[in-house]
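# this one's structure only:
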């Protein structure tokens, strides 16, 4: 363990950005948890006399067409955006790891059938598939999560399958089997823990993409409904005013999206450097 | 000639092996569309208080009164004959709608891919020539930022800067000004049609409409292309043949372009193919921002009004484009690296 920590320290010294990104993600988590209690204004109540005000000392990110404070809405939106991304990636991680590991271990007909299914999923334009699923399942936030999870699933299944497949005949797996471990136990107690670090890297690299995906879906009017504050829908509402020069309605939610995705991506790169055994030598 | 034949064989095998996936896409979309909430028959009846009989007639007309497996077989039979059904929204055949709108999407996507390649490949090569330099770090920073800005945000910000602030770009709605006259449609690609008609003014107007949406799509995909060019060039520049080429005193540009880049281009082609198909699907965001009359926004409108046929047609079209792009990538592989065909 201490070797890992030392290695992490070495990585951080070589790449201080990872530390900054980790701090950024931590801050984002804090904002997501405590957001509703720290905002200066109510994110929902409209105040038409203050509509479409440019950024000022009172409203540092300006106000929207209903006079709501853009900064307060941004802060409150963090919880929803993060919750969607984290739960979607979590679901596809859990399902993908188990399905992929079973297929990689068992092989045979099951493996081929799942492989075909994955091929079909990958032949879809993924964003369109997500759109169709949200429309089919109903226009709700849970369904954005499900749709994002499903379009991520093929990558996790393939990844876990490949990682398990190269290990299934290694000495320690045979040893475990020779000791009388059942197949389920071999997969759960020996193979999955070995695959986890690589999968975790995949997951952290994936979070940024999931955030963009969810924001894209709500931008085209799927999933989140106004007046709920969410970054994608805030951009969509601000889009109506961009040709008349009300830039802050788009720029600030866009900046929030960008910073969130940037932090997750940089952290993902850093985590990969720490966990990937090939980098550890 | 033998190499060419081998490429064709390989491409043909690829095509055959992708047919099951295409079939799967067809069936999957069909079933997904049947789960869509709302009864399209009610939606397309004259109004909310349309009579029961009228709805029943529309149901029959759409074939919705038959059991789902029978509908599926009928649908597959129709698709086999090249009939994708009729859109209830526009009242036209889906194939006609798609044919009218596909060139708009393709023109936008090709333009975006061109911009992305023209900027990403030199950036990647420059970064690889001097790893660790200011340029390298600049390119990496740009890449890191580029993948974080959603296309709909960068599109809107481009509109703000070039339309509102600078007044350089035209009104961001559609492919041409509403009052402009269209050239006779030959290819459907406006830039080519205007050129064929010899209408330079019209070409310029269409170009100005195209440049902002293409740029906002390109911004998002420069990063993966530049990153792969850099990585692949680093490997190729460190190889023995480049050292040999250098040691015998060839001019540096020949070493870089003829020797290193030629050998580094394969992964770039792969990524460019993936990027192209992804862009064509993810187009919907940019098409929405710029009111671009493409296939993706057509499918979105159909989806939101539970109009099955256009969505199914669109997904089938996208899946076929995926297959075609993969084929093109295969063929390009053979041209870029003759060794591929031997193995």
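Good, I have the coordinates. Bear in mind the structure is a predicted one, so any value in this text is a computation, not a measurement. Numbers count the residues shown, from 1 in each chain, chains lettered A, B, ... in the order given.

# show the backbone phi and psi for whichever residue of the stretch 1-150 of chain B sits closest to chain A.
Using Cβ to the nearest Cβ, residue B:24 is the residue of the stretch 1-150 of chain B that sits closest to chain A, at 3.5 Å. For the C-beta atoms, the positions are set from N, CA and C on the backbone; glycine is no exception. For residue B:24, the backbone dihedrals (degrees, to the nearest 10) come out as phi -60, psi -40.

# hmm, residue A:149 and residue A:133 touching each other?
No: taking Cβ atoms under 8 Å as the definition, residue A:133 is not a contact partner of residue A:149, at 10.0 Å.

# what helix or strand is residue B:215 on?
Using DSSP states H and E, residue B:215 sits in helix B:200-237.

# what comes up buried for the helix or strand that comes right after that helix?
Using DSSP H and E, the next helix or strand after helix B:200-237 towards the C-terminus is helix B:240-247. Residues of helix B:240-247 classed as buried by neighbour count (16 or more other Cβ atoms under 10 Å in any protein chain shown): B:242, B:245.

# any idea how far helix B:240-247 is from the chain center?
Distance of helix B:240-247 from the chain centroid (Cα atoms, centre = their mean, to the nearest Å) equals 39 Å.

# I'd like the mean pLDDT over that helix, please.
Averaged across helix B:240-247, pLDDT comes to 87.

# who in the stretch 51-200 of chain B is up against chain A?
Residues of the stretch 51-200 of chain B lying near chain A by Cβ under 8 Å from any Cβ of the partner chain: B:144-145, B:147-150, B:152-154, B:156-157, B:159-160, B:163-165, B:171-172.

# which of these count as buried?
Burial by neighbour count, judged by 16+ other Cβ under 10 Å, picks out B:144, B:147-150, B:152-154, B:156-157, B:159-160, B:163-164, B:172 from those.

# and the residue nearest to the residue of the stretch 1-150 of chain B closest to chain A when sequence neighbours are not counted, how far from residue A:143?
Leaving aside its chain neighbours, residue B:24 sits nearest to residue A:120 (3.5 Å; criterion: Cβ to Cβ, 6 or more residues apart in numbering or on different chains). Per Cβ to Cβ, to the nearest Å, residue A:120 is found 21 Å from residue A:143.

# swap in residue B:146?
Residue B:146 is 30 Å from residue A:143, where distance means Cβ to Cβ.

# picking up where we left off before, quick one: buried residues of the helix holding residue B:215?
Buried residues in helix B:200-237, defined by neighbour count with 16+ other Cβ under 10 Å: B:202-203, B:205-206, B:209-234, B:236-237.

# repeat that for stretch A:64-75.
Within stretch A:64-75, the residues scored as buried using 16+ other Cβ under 10 Å are A:64, A:66-75.

# least confident of those residues?
Within the set of the buried residues of stretch A:64-75, pLDDT is lowest for residue A:67 (77).

# got phi/psi on that residue?
phi 80, psi 10.

# who's in contact with it?
Contacts for residue A:67 were tallied using Cβ atoms under 8 Å, 6 or more residues apart in numbering or on different chains; they are A:46-53.

# tell me who's in contact with residue 236.
Just so you know, I chose chain A. Taking Cβ under 8 Å, 6+ apart, we find residue A:236 in contact with A:218-221, B:152.

# wrong one, I was asking about chain B
Residues near residue B:236 by Cβ under 8 Å, 6+ apart: B:242, B:259-261, B:263-264.

# could you rerun that using 10 Å?
Applying Cβ atoms under 10 Å, 6 or more residues apart in numbering or on different chains, we find residue B:236 in contact with B:128, B:242, B:256, B:259-266.

# most centrally placed residue in the chain?
Chain wasn't specified; assuming chain A. residue A:207 (2.4 Å; Cα atoms, centre = their mean).

# please refer instead to chain B.
Closest-to-mean residue, chain B, Cα atoms, centre = their mean: residue B:280 / 2.4 Å.
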